[in-house]
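[1] need a structure here:
(chains A and B)
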Amino acid sequence: MRPAGRSETQSLYFTYPHFDPPQDRAGLSDAAPVAIVGAGPVGMTAALALAKHGVRSVLFDAKDTFNDGSRAICVARQSYHILEDIGAVDPFLEKSLPWTTGRTFYRGRQILEFDMPDSAREKYRPMYNIEQQYIEEYLWEAVVREPLIDMRWQSRVSGVEDADGAVILTIEDPLGTYRMQADWLLAADGARSAIRQMRGLRLRGENYEGRYVIADVQMDHDYPTIRRALFDPDCRRGGTILVHKQPDNIWRIDYQLHDDEDDAEAIREENVRQTVASVLQEIGHTGDWDLEWWSIYSANTLALDDYRDGRVFFIGDSAHIVPIFGVRGLNNGLADAHNIAWKLAFVMQGRAGAPLLDSYTPERRGATLDVFANASKSARFMTPPSPGWQLMRDAALNLALSHPFAGELANPRQMTPYTYADSPAVSADDPGFSGGPVPGAVLPEARVRDGFLTDLLGGGFTLLSFDEGLAQGVADLDLDVVVLDPGSEAAQVLAAGPHSAYLVRPDLHIAARWMRATPETLRAAYVRATAGESK
Amino acid sequence: MTPTEVETIYEALANRLDELGAEKRELYLAKLALLMAHELGDAPRALALIAEAAENLDV
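    The predicted structure follows:
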């Protein structure tokens, strides 16, 4: 919501574009390999990832512009790798604010400062803050450059029917209604997904663990890009407040509502202004400020039982809603998009077997459940659900004033990417390794020559081999081979010996690894990773 | 710990709890439990004591 007198897209810092529905009506009903519903960050990422693998898609969005406010603002390191992979990362690096540090305060006194893991061997920082409108604008610029994506704005998908080996969509836009066939459908239409409702599916889980108002203000405020968490501050006793810096002098204030506060009252402009003013006083801001936008959310943990329904895949918030504390809503959505895109592309192109698509739910729903476990921990600290949790939380914060060990309980431990250890497409680990990333984990970064390990990866599967001879035995496999030096930093990070090898998937997750790789073991892992037939 | 030392601690706690008053007593005891568990440096032992202290509360 925005202050009285300003429309939903009248922003202090962002000029919203206006997009027309498709003007050229010829060919709108032509069949498409993939239809994607929802051109938010997740839907656009899916379209770009499909295009990168050579797959054409039609992308629909019911709106005529980008999202009305800046909802998601924290983009994690692994998401920057995804943005790089889909050719969109440059403007993000230029605009966003990288950060590593968080500070936690209790009643105005700092009780914890934590740093997220970072080092010179990492290409990207652990976290970046950027407004969601810029995320969408930069992805959109990449979409426009991509001839394989047909973007249709003001286009609402109002029907989905199953057909033989396809789905038939009904699309309504201001100029008419038409039907279109697609082999596959990706539902990226958000938390209130219409596709999910049309398919008769429901999210399940915990519905409520506390409510927050999120408000963006513009102000000249001198503080580095550090996440601040204020527990039990003077301005809102019993509540928790988060403060984040965003580009363009925009600051995000999240404040928790008390149990007895009414939603409708809390989001009235005068009440938001009053609370924001008291928070700004608390953090020592004395100058002017402008209210940009605000919204309300509750900390839900909800997910679909199966992210696949026939030829429909759910990606992002349509499949799962997570509390913000783990900053995993948007980041997990991007990982969903990246995960399903290469699998669909490979299956459609005959480079992988159809059962590969059934690895999408265990991998990505597993990631969601992992977020639930972590975020529920975080939520219980931020918003204690019962007297026992409340007392121990208050005791820990109070003790932390004199004993730093107790402050660690307030560390949000914003997580690393999920490891697909139980995936049907991932091979069992080689017990010969002591250390390094296990199969299913994301490939860690390392400096290699003048660049980074991830710079060397091909577009599909990549074999990272420390043994030059290995590649010759598998020349017929659809993969790029990168030979690494056994004495390199990469060898250290991967705990590799002179005959070791890693098989890396197109989404940067490790499919298999061997201390002593042979063409036979490599072939077997490749077949498993692509749900293919043994060659 | 000798019986005399236990008695000293018992008295110190009783006095402290009276000084603090009803409003802060609970928070204080929770802090103390966390701090003592940390000092103990033995998580399984601390968990066992957390369970033991809950015994016989209804007697």
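[2] can we go C-alpha only for contacts and neighbour counts from here?
    Noted.
[3] list the contacts for the residue nearest the centre of chain A?
    Nearest to the mean C-alpha position of chain A, counting by C-alpha atoms, centre = their mean, stands residue A:331 at 1.3 Å. Counting by C-alpha atoms under 8 Å, 6 or more residues apart in numbering or on different chains, residue A:331 touches A:75, A:76, A:79.
[4] Look up phi and psi at it.
    Main-chain dihedrals, residue A:331, degrees, to the nearest 10: phi -60, psi -40.
[5] could you pick out which of the contacts of residue A:331 are near chain B?
    Counting by C-alpha under 8 Å from any C-alpha of the partner chain, the subset of the contacts of residue A:331 that neighbours chain B is empty.
[6] near chain A, which residues of chain B?
    B:26, B:27, B:28, B:30, B:31, B:34, B:35.
[7] now do 7 Å
    Within reach of chain A by C-alpha under 7 Å from any C-alpha of the partner chain, chain B has these residues: B:27, B:30, B:31.
[8] Please settle this for me: is the last one part of a helix?
    Yes. Secondary structure of residue B:31 (DSSP: H, G, I helix; E, B strand; the rest coil): part of a helix.
[9] Look up the pLDDT of it for me, please.
    As predicted, residue B:31 sits at a pLDDT of 97.
[10] residue ranges of the helices in chain B, please?
    B:3-20, B:22-40, B:43-52 (DSSP state H).
[11] okay if I get the ones you listed as JSON lines plus mean neighbour count?
    As requested, the helices of chain B are exported to JSON lines (neighbours: other C-alpha atoms under 10 Å in any protein chain shown):
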{"stretch": "helix B:3-20", "mean neighbour count": "11"}
{"stretch": "helix B:22-40", "mean neighbour count": "15"}
{"stretch": "helix B:43-52", "mean neighbour count": "12"}
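[12] can I get these in CSV with distance to residue A:406?
    Converted to CSV, these look like this (distance: least, C-alpha to C-alpha, whole Å):
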stretch, distance to residue A:406
helix B:3-20, 22
helix B:22-40, 8
helix B:43-52, 15
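[13] Quickly find the element holding residue A:434.
    Using DSSP states H and E, residue A:434 sits within no helix or strand.
[14] now the closest residue to chain A within chain B: how far from residue A:392?
    For chain B, the residue closest to chain A is residue B:31, as judged by C-alpha to the nearest C-alpha, at 4.8 Å. The spacing between residue B:31 and residue A:392, counted by C-alpha to C-alpha, to the nearest Å, is 8 Å.
[15] and if you look at residue A:501?
    48 Å.
[16] same question, residue A:508
    40 Å.
[17] The two: who's more crowded?
    Set side by side, residue A:508 and residue A:392 show more neighbours around residue A:508, with 24 against 20, by other C-alpha atoms under 10 Å in any protein chain shown.
[18] quick one: the more buried one and residue A:445 touch, right?
    No. In this structure residue A:508 lies outside contact range of residue A:445 using C-alpha atoms under 7 Å: 10.4 Å.
[19] can you count the residues close to the residue nearest to residue A:289 when sequence neighbours are not counted?
    Of all residues not flanking residue A:289 in the chain, residue A:219 sits nearest, at 4.7 Å (C-alpha to C-alpha, 6 or more residues apart in numbering or on different chains). As a burial measure, residue A:219 scores 16 neighbours (other C-alpha under 10 Å).
[20] quick one: pLDDT of residue A:475?
    On the pLDDT scale, residue A:475 gets 84.
[21] Tell me how far it lies from residue A:467.
    The value you get for residue A:475 to residue A:467, if C-alpha to C-alpha is used, is 14 Å.
[22] the more surrounded of these two?
    residue A:467 (20 against 12).
[23] quick one, what contacts the more buried one?
    Applying C-alpha atoms under 7 Å, 6 or more residues apart in numbering or on different chains to residue A:467 gives the contacts A:483, A:498, A:499, A:500.
[24] Next up, phi/psi of it, please.
    Per degrees, to the nearest 10, the backbone of residue A:467 is at phi -120, psi 110.
[25] thought the residue nearest to residue A:289 was touching residue A:286?
    No. Applying C-alpha under 7 Å, one finds residue A:219 not in contact with residue A:286, separated by 10.1 Å.
[26] check contacts around the residue lying closest to residue A:299 once chain neighbours are set aside.
    What sits nearest to residue A:299 in space, not counting adjacent residues and going by C-alpha to C-alpha, 6+ apart, is residue A:323, at 4.4 Å. By C-alpha under 7 Å, 6+ apart, residue A:323 lies in contact with A:299, A:300, A:301, A:375.
[27] What of residue A:215?
    With C-alpha under 7 Å, 6+ apart, residue A:215 has these contacts: A:252, A:253, A:254, A:293, A:294, A:295.
[28] So the closest residue to it other than its chain neighbours, which state does it fall into?
    The spatial neighbour of residue A:215 that comes closest, neighbours along the chain excluded (C-alpha to C-alpha, 6+ apart), is residue A:294 at 4.1 Å. On the three-state scheme (three-state DSSP), residue A:294 is labelled strand.
[29] Quick check: the gap between residue A:294 and residue A:255.
    11 Å.
[30] interface residues of chain A facing chain B?
    Counting by C-alpha under 7 Å from any C-alpha, the residues of chain A that sit close to chain B are A:391, A:392, A:395, A:396, A:399.
[31] Mind picking the one among the residues you listed that's closest to chain B?
    For the residues of chain A next to chain B, the nearest to chain B is residue A:395 (4.8 Å; C-alpha to the nearest C-alpha).
[32] Surely the closest one is in contact with residue B:30?
    Yes. Here residue A:395 reaches residue B:30: they are 5.7 Å apart, a contact under C-alpha under 7 Å.
[33] tell me, what's touching those two both at once?
    Between them, residue A:395 and residue B:30 share no contacting residue, judged by C-alpha under 7 Å, 6+ apart.
[34] Tell me how many other residues crowd residue A:202.
    Residue A:202 has 15 neighbours, counted by other C-alpha under 10 Å.
[35] what does the model give the spatially closest residue to it that is not a sequence neighbour for pLDDT?
    Nearest non-adjacent residue to residue A:202, counting by C-alpha to C-alpha, 6+ apart: residue A:304, 6.4 Å away. Looking at residue A:304, its pLDDT reads 96.
[36] Cross the contacts of residue A:323 against strands and list the overlap.
    Applying DSSP state E to the contacts of residue A:323, the entries found in strands are residue A:301.
[37] got the contacts of residue A:323 as JSON lines, with pLDDT and neighbour count columns?
    Formatted as JSON lines, those follow (pLDDT from 0 to 100; neighbours: other C-alpha atoms under 10 Å in any protein chain shown):
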{"residue": "A:299", "pLDDT": "72", "neighbour count": "21"}
{"residue": "A:300", "pLDDT": "80", "neighbour count": "22"}
{"residue": "A:301", "pLDDT": "84", "neighbour count": "23"}
{"residue": "A:375", "pLDDT": "73", "neighbour count": "27"}
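[38] quick one: residue A:485 and residue A:466 touch, right?
    Yes. With contact defined as C-alpha under 7 Å, residue A:485 reaches residue A:466; the gap is 5.9 Å.
[39] Those two - which one has more neighbours?
    More crowded of residue A:485 and residue A:466, by other C-alpha under 10 Å: residue A:466, with 26 against 16.
[40] Please give me every residue in contact with the more buried one.
    A:483, A:484, A:485, A:486, A:498, A:499, A:500, A:501.
[41] Can you give the distance from the lengthiest helix in chain A to the centre of its chain?
    What stands out as the longest helix in chain A, according to DSSP H, is helix A:360-382. Its chain's C-alpha centre and that of helix A:360-382 lie 13 Å apart, by C-alpha atoms, centre = their mean, to the nearest Å.
[42] now swap in stretch B:41-59 and tell me
    Worked out by C-alpha atoms, centre = their mean, stretch B:41-59 lies 11 Å from the chain centre.
[43] coming back round to it: what residues does the residue nearest to residue A:289 make contact with?
    Neighbours of residue A:219 in contact, by C-alpha under 7 Å, 6+ apart: A:249, A:250, A:288, A:289, A:290.
[44] Looking at the residues you listed, state which has the most neighbours.
    Highest count within those by other C-alpha under 10 Å belongs to residue A:250, 24 neighbours.
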